[in-house]
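Peer 1: I would like the atomic coordinates for the input below:
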Amino acid sequence: MSISIILLILLALTFDFLNGFHDSANSIATVVSTRVLSPRLAVIWAAFFNFIAFLFFGLHVANTIGKGIIDIAIIDNGIIFGTLVGACGWNIITWYFGLPTSSSHALIGGMIGSALVKAGSGALVWKGIIKTVAFIFISPAAGLILGLILGISVYWIFRRSVPLKVDHIFRKGQLLSAALYSMGHGGNDAQKTMGIIASLLFSAGLLGQKFYIPFWIVISCHTAIALGTMFGGWRIVKTMGQKVAKLKPIDGFCAESGAAIMLFVSSALGVPVSTTHTITGSIMGVGSIKRLSAVKWGLAGRIIWAWVLTIPCSAIISALAYIIIRRT
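Peer 2: Just a heads-up that it's a prediction; the model follows:
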């Protein structure tokens with residue numbers, strides 16, 4: 001294994017760390033904002049379930065990323081470098097502005113940008129790209145609907161209960177829902193970096209004739225994303241936990257549970273969805289139960305614009321990085 005490949009693997013794991021760092025807010029925002037756990041305990045809780053997710057999920061998403069976005073035959077060190085610089089760059093920009101955008105779509109945008117520069121549109125696997133782009137809209141909508149349905153159902157079931165008792169029950173329930181969401185987050189997001197590393201090794205002839213994901217890659221990626229979650233993205237916690245909608249423990253439970261269901265289903269189907277989009281939609285769904293004005297739709301609109309821009313912006317950064325690395 002050459003030095004350049006080792007460095008690219010380290011860069012990929014850095015992206016995975018940033019993914020956990022950037023998306024940690026998604027895993028812990030509701031449980032922190034409802035004061036069920038302190039920020040320190042919340043990140044430990046989320047990181048643990050990020051890490052053990054590999055015990056419960058297959059590798060369908062990793063295979064989609066590895067060979068379902070761009071033609072694996074054109075992948076080389078330059079493509080991987082451009083992809084990771086594009087994804088990391090966009091993650092850092094949106095973290096700085098406190099916007100909960102998708103690390104997953106930044107990675108996919110990065111792949112598209114480098115591939116277009118090297119081989120043109122013929123290198124793109126449109127089936128995988130269209131499915132991924134469709135879920136930019138499907139995942140937050142599904143999260144919103146699931147959060148709304150769960151919220152209405154739970155509020156109806158406990159409509160005659162004393163508020164203090166309900167709060168006590170769902171403070172414990174949020175520990176479960178946060179764990180499930182963090183597991184779904186690790187199960188979907190860590191696999192995207194697995195796919196990148198495996199495609200790099202396959203293109204270098206280090207995996208033989210058949211594309212697969214070695215176990216050491218699985219462990220490395222789950223470790224990196226868990227460590228990123230441990231350090232946390234506190235700018236985004238504030239946006240997710242309080243600025244989109246004010247939450248109580250019962251609301252946090254419904255939002256996290258709705259998002260977890262969506263992530264479990266998408267991971268089983270091999271769709272690389274955005275965990276950020278999913279939990280944001282779910283929070284909006286739960287927040288709108290009491291009244292539509294409970295959700296700050298102006299901020300929601302700003303977040304949606306960041307979602308729309310993620311793939312093209314990360315593609316541009318990636319394309320520039322690919323051009324620079326090829327000329328050096």
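Peer 1: after the helix or strand Leu146 falls within, next one along is what?
Peer 2: Element membership for Leu146 (DSSP states H and E) is helix 126-157. Helices and strands here follow DSSP H and E; after helix 126-157, the next one along the chain is helix 163-203.
Peer 1: coming back round to it: what's the angle between the helix holding Leu146 and helix 163-203?
Peer 2: 170 degrees (axes from the mean of the first three to the mean of the last three C-alpha atoms, to 10 degrees).
Peer 1: Against which helices or strands is helix 126-157 packed?
Peer 2: For helix 126-157, the elements it packs on are helix 103-119, helix 249-269, helix 275-287, helix 297-327, judged by 3 or more C-beta pairs under 8 Å, 6 or more residues apart in numbering; DSSP states H and E. Backbone N, C-alpha and C define where each C-beta goes, glycine included.
Peer 1: show me the contacts for Val85.
Peer 2: In this structure, Val85 makes contact with Leu11, Gly110, Ile317, Ser318, Ala321, judged by C-beta atoms under 8 Å, 6 or more residues apart in numbering.
Peer 1: so the helix or strand harbouring it versus helix 275-287, what angle?
Peer 2: Using DSSP H and E, Val85 maps to helix 77-96. Orientation of helix 77-96 against helix 275-287 (the same axes, to 10 degrees) gives an angle of 30 degrees.
Peer 1: in helix 77-96, what's buried?
Peer 2: For helix 77-96, burial by neighbour count (16 or more other C-beta atoms under 10 Å) applies to 77-91, 93-95.
Peer 1: what does stretch 38-54 give?
Peer 2: Going by neighbour count (16+ other C-beta under 10 Å), the buried part of stretch 38-54 is Ala42, Val43, Trp45, Ala46, Ala47, Phe48, Phe49, Asn50, Phe51, Ile52, Ala53, Phe54.
Peer 1: helix or strand for the first one, which one?
Peer 2: Per DSSP H and E: Ala42 is located in helix 39-51.
Peer 1: pLDDT (mean, whole number) over that helix?
Peer 2: With pLDDT averaged residue by residue, helix 39-51 scores 82.
Peer 1: Please work out the average pLDDT along the following helix or strand past that helix.
Peer 2: Heading C-terminal from helix 39-51, the first helix or strand you meet, by DSSP H and E, is helix 60-67. In this model, helix 60-67 has a mean pLDDT of 81.
Peer 1: shaky segments in the stretch 51-200 of the chain?
Peer 2: Across the stretch 51-200 of the chain, the stretches falling below the confidence threshold (pLDDT under 70) are 99-100.
Peer 1: I figured Pro312 was touching Gly109, is that so?
Peer 2: Yes. With contacts defined as C-beta atoms under 8 Å, Pro312 counts as touching Gly109 at a distance of 6.6 Å.
Peer 1: Doesn't Lys210 lie inside a strand?
Peer 2: No. Inclusion of Lys210 in a strand is not indicated when DSSP: H, G, I helix; E, B strand; the rest coil is applied; the result is coil.
Peer 1: Spatially central residue in this protein, please.
Peer 2: Taking C-alpha atoms, centre = their mean as the criterion, Thr275 is the residue nearest the geometric centre of the chain, at 3.9 Å.
Peer 1: what's the closest non-adjacent residue to it?
Peer 2: His185 (4.6 Å; C-beta to C-beta, 6 or more residues apart in numbering).
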